[in-house]
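Undergrad: fold the following and give me the result.
(chains A and B)
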Amino acid sequence: MPKRCRYDAFTRGFTVEELLGNREKIVEELLEIATAARESGFQGFLPTLILEEQSAELKRAAHALWEACRSVQSLRGLKCHPRCHVRVDRVDEAKRIVQRVRGVCTVLSVEITTRELYAFACRDRRVDIVTAGTRALHPPQKGVIKYAQLRGKFFELVVGYLLEGGGSDTIASRLAGYRELASLAFRKGLPLILSAGPQKAYSPYSYRALLSFAEVLLGVPADYVARSIGDLLETRIQENLEKISGKRPAEGVYVEV
Amino acid sequence: MRYKRRYVLLKYAGEGGVSADELLNRVRSLVTSVFGLVGLADTDPVLAYSWEGRVFVLAVKREGLEKLLASVVFDESRSIRILRVVGSLRRAKKLVESMQK
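TA: Numbering: from 1, shown residues only, chains lettered A, B, ... in the order given. Now for the predicted structure:
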């Protein structure tokens, strides 16, 4: 039986400029992140590149992250895969970015800010994770949920956004939105990921604390979240790696060597 | 009445060190702000062991363990990191000792 792997699904949040800078510095930071992630109870992490606008350097930055992840994996043995996180307001821009970076990242996510982006993220096969942003905490339409189920999307709630710049009433209303989305994901059988979100310096939430947060405050069984950020995410990562390497050239086709 | 307890290993990951009382007060205020006084009564955290202002062991009522862990998420400085939850103080001390090596 393969070894279990729990992923910290949103690690740090790098910008394009950071990744195009000093490569050694990025690898050094990833090594520090690996130590902190292991201490917090994770066995793998997804360093995330945040893409907020279309630019000529996107692919180069994603490729730099890919290379850095590979070198960290061989140094520390902790699983490390690059993730691209698209955070834009318009669907056409999101489509253009997704098309450019899909081949150079293992996991791709889209942050939802509008209803149109919800529909796009749930329908597009290239998107793995649908992240609830701070502005769109309303549940998606029925048809959109159907698509998400068919395409096997992961739903992500960023716990860090919950506390971002707000008093207790803001936190309470955001928490209510999170609860609604979490219970919807659970009822509809959509894997649910909880993550820390973008940070200037990496400081993860402990794996155990995230599971308790899900159980006590979101009303979702802890084992459901544990399975999502463990086995299910691992399976998706392996599938994507096979797609990138050409072993799965099309849906339902598998090339055996 | 004697309650069943769980022992939570915490690490302070912030700048410098922190005193055991300070940390305990911080955890208590987090639990109170999220779950109120009843939540704090359910949890009843007590300091059981500390090492060099970095690693602490809190004894918590078993019924309130999940509440305590969930309220640590609300720490804005994110300086409290949960390392392990164990069932006995002896095991907790052993783990801290293994960290010291």
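
Undergrad: which residues of the stretch 151-257 of chain A lie near chain B?
TA: Applying Cβ under 8 Å from any Cβ of the partner chain, we find that the stretch 151-257 of chain A lies next to chain B at A:159, A:163, A:168, A:196, A:203-206, A:208-213, A:215-217. The C-beta positions use only the backbone N, C-alpha and C, and glycine is treated the same way.

Undergrad: so which of these sit within helices?
TA: Mapping those onto helices (DSSP state H) picks out A:Val159, A:Ser168, A:Arg208, A:Ala209, A:Leu210, A:Leu211, A:Ser212, A:Phe213.

Undergrad: which of these are buried?
TA: Among these, those scoring as buried are A:Val159, A:Arg208, A:Ala209, A:Leu210, A:Leu211, A:Ser212, A:Phe213 (criterion: 16 or more other Cβ atoms under 10 Å in any protein chain shown).

Undergrad: pLDDT added to the residues you listed, as CSV?
TA: Putting these into CSV (pLDDT from 0 to 100) gives the following:
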residue, pLDDT
A:Val159, 92
A:Arg208, 94
A:Ala209, 94
A:Leu210, 95
A:Leu211, 96
A:Ser212, 96
A:Phe213, 96
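
Undergrad: what's the most distant pair in those residues?
TA: Greatest spatial distance in those: A:Val159 and A:Arg208, 13.6 Å, computed using Cβ to Cβ.

Undergrad: phi, psi of B:Lys61?
TA: Recorded main-chain torsions at B:Lys61 are phi -60, psi 140, according to degrees, to the nearest 10.

Undergrad: any chance you could map the strands in the chain?
TA: Here I'm looking at chain A. For chain A, applying DSSP state E gives strands covering A:7-14, A:44-51, A:79-80, A:83-86, A:107-112, A:129-132, A:154-158, A:192-195.

Undergrad: chain B is the one I meant
TA: Chain-ordered strands for chain B, with DSSP E as the definition, fall at B:5-12, B:46-51, B:55-61, B:80-86.

Undergrad: buried stuff in the second one?
TA: Yep, that's strand B:46-51 we're talking about. If you call a residue buried by 16+ other Cβ under 10 Å, then strand B:46-51 has these buried ones: B:Ala48, B:Tyr49, B:Ser50, B:Trp51.

Undergrad: which residue does the stretch 1-150 of chain A bring closest to chain B?
TA: Taking Cβ to the nearest Cβ, chain B has its nearest neighbour within the stretch 1-150 of chain A at A:Ser40, 6.0 Å off.

Undergrad: isn't that residue right next to A:Tyr205, touching?
TA: Yes: contact between A:Ser40 and A:Tyr205 holds when scored by Cβ atoms under 8 Å: they sit 7.2 Å apart.

Undergrad: tell me how far the residue nearest to the spatial centre of chain B lies from B:Leu9.
TA: Within chain B, one residue has its C-alpha closest to the average C-alpha position: by Cα atoms, centre = their mean, that is B:Leu58, at 4.0 Å. Computed with Cβ to Cβ, to the nearest Å, the distance linking B:Leu58 and B:Leu9 is 8 Å.

Undergrad: could you figure out how far the longest helix along chain B is turned away from strand B:46-51?
TA: Determined from DSSP H, the single longest helix within chain B is helix B:20-43. Helix B:20-43 and strand B:46-51 meet at an angle of 150 degrees, taking axes from the mean of the first three to the mean of the last three Cα atoms, to 10 degrees as the criterion.

Undergrad: what helices or strands is helix B:20-43 leaning on?
TA: Under the contact criterion of 3 or more Cβ pairs under 8 Å, 6 or more residues apart in numbering or on different chains; DSSP states H and E, the helices and strands touching helix B:20-43 comprise strand B:5-12, strand B:46-51, strand B:55-61, helix B:65-72, strand B:80-86.
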